[in-house]
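Dropping a prediction and its sequence here:
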Amino acid sequence: MVQTKIASPIACVRGYNGNMKIFLPIIALLLASSPVSSSAEDGTSLSLAFQREVIRRLDVPQQAQAHYAQLLKAALASAGIPAMKSQYVLMADRNPNVQAIFVYWLDARASPGRSHFIGASPASTGKPNKYNHFITPLGVFAHTLDNKDFRAEGTLNGFGIRGMGRKGMRAYDFGWTLGERGWGRSGLSQMRLLMHTTDPDYLEHLLGKAMSKGCIRIPATLNTFIDRYGLLDGDYEQALASGKKFWVIRPDRTPTPWSGRYLVIVDSGSIQRPAWSPEPAGITPPGIAN
């Protein structure tokens, strides 16, 4: 089943302000690029936009694309997700030897539905062995209006790090869930599951290795891509159509007709680094996590 969100003490993220002022930077390059038309025949057209707009990408071979499509199908079935309309889905592999995030378009017109690979990028999930560090949970997590997104304030923490990335970057909130503690006697506790960017100067180049407190870190250009095309904004789109307004929605967006609402987290069980997901070079600055 889809993970249930439970209000409980904070674990992954502390003290963000839901009433922060809107900061929506205008990105000239994105505005200049060709938007995806809502009249496009299917969602595979976004694969070209992914190649054009997402800087940190992984060149995933077709065999691996098909393998992850099967993992995606199995995870959705295991969660009891009913037959869905065509939509985009994000899937992260938390395996320490992979640390990647994938974008798929689920084509409901085919029987059974087909999963089309759009693109992939390096990501970072939970690194255990420190207090308040969780192992990123497995499962299917719905992106709903019950846990509204926010945008990074771009402020520096005690280590001089912008934990959520540059000001204005969107943080996707999947609510409270149970996560396995990565310290002490392990066991399960409540954690807040977010997907967000990280410091562009000190940490983004290290994406591809586990280094978070349990949330999922992604590249800034991928974050902007998801945000601009509304890949996970299925519930937001329905509310916008009914006349509701959300400060977090950027004014220059070009929403896809196939906005989805699911983040799937799997562990592929890989025992070694695949060539298409190389380990990033560099050392994580000591004591730095978010």
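Great, that's in hand. Residues are numbered from 1 along each chain as shown.

can you list the weak-confidence ranges in the stretch 51-200 of the chain?
By pLDDT under 70, the weakly predicted segments of the stretch 51-200 of the chain are 111.

one more time with 80, if that's ok
Along the stretch 51-200 of the chain, segments meeting pLDDT under 80 span 82-83, 110-113.

For it, just list every one of the strands.
For the stretch 51-200 of the chain, the strands defined by DSSP state E, counting those that start in this stretch cover 87-93, 100-107, 114-122, 134-135, 139-142, 150-151, 170-181, 188-196.

which residues are contacting the second one?
In this structure, residues lying in contact with strand 100-107 by C-beta atoms under 8 Å, 6 or more residues apart in numbering are 42-44, 46, 50, 58, 60, 68-69, 72, 84, 86-93, 113-123, 208, 216, 218, 222, 226, 231, 258, 260, 277. Where you see a C-beta, it was placed from the backbone N, CA and C, and this is true even at glycine.

try it again with 7 Å
42-44, 46, 50, 58, 68-69, 72, 84, 86-93, 113-123, 216, 218, 231, 258, 277 (C-beta atoms under 7 Å, 6 or more residues apart in numbering).

how about TSV for the strands of the stretch 51-200 of the chain, with distance to Val266 and mean neighbour count added?
Listed next are these as TSV, based on distance: least, C-beta to C-beta, whole Å; neighbours: other C-beta atoms under 10 Å:
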stretch	distance to Val266	mean neighbour count
strand 87-93	6	24
strand 100-107	10	24
strand 114-122	13	22
strand 134-135	13	24
strand 139-142	9	21
strand 150-151	26	23
strand 170-181	15	21
strand 188-196	14	22
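
For Thr254, find the nearest of these.
With C-beta to C-beta, the closest approach to Thr254 among these belongs to strand 87-93: 13.7 Å.

Could you name the helices and strands sitting against the closest one?
helix 62-78, strand 100-107, strand 262-266 (3 or more C-beta pairs under 7 Å, 6 or more residues apart in numbering; DSSP states H and E).

With distance to Asp146 added, can I get the ones you listed in TSV?
Putting those into TSV (distance: least, C-beta to C-beta, whole Å) gives the following:
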stretch	distance to Asp146
helix 62-78	20
strand 100-107	23
strand 262-266	14
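
of all the ones you listed, which lies closest to Asn129?
strand 262-266 (19.9 Å).

partners of the closest one, with directions?
strand 87-93 (parallel), strand 139-142 (antiparallel) (DSSP bridges).

quick one: the helices in the protein?
Using DSSP state H, the helices of the chain run over residues 28-32, 46-53, 62-78, 220-229, 234-241.

Looking at the strands paired with strand 262-266, which is nearest to Gly165?
Of all those, strand 87-93 sits nearest to Gly165, with 17.1 Å by C-beta to C-beta.

hmm, back to that, okay if I get the strands paired with strand 262-266 as CSV plus distance to Lys127?
Shown next, in CSV, are the strands paired with strand 262-266 (distance: least, C-beta to C-beta, whole Å):
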stretch, distance to Lys127
strand 87-93, 14
strand 139-142, 19
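
rewinding a little: most packed of the helices of the chain?
Highest mean neighbour count of these: helix 220-229, a mean of 23 (counted as mean count of other C-beta atoms under 10 Å).

name the helices or strands packed onto that one?
Contact partners of helix 220-229 among helices and strands, from 3+ C-beta pairs under 7 Å, 6+ apart: helix 46-53.
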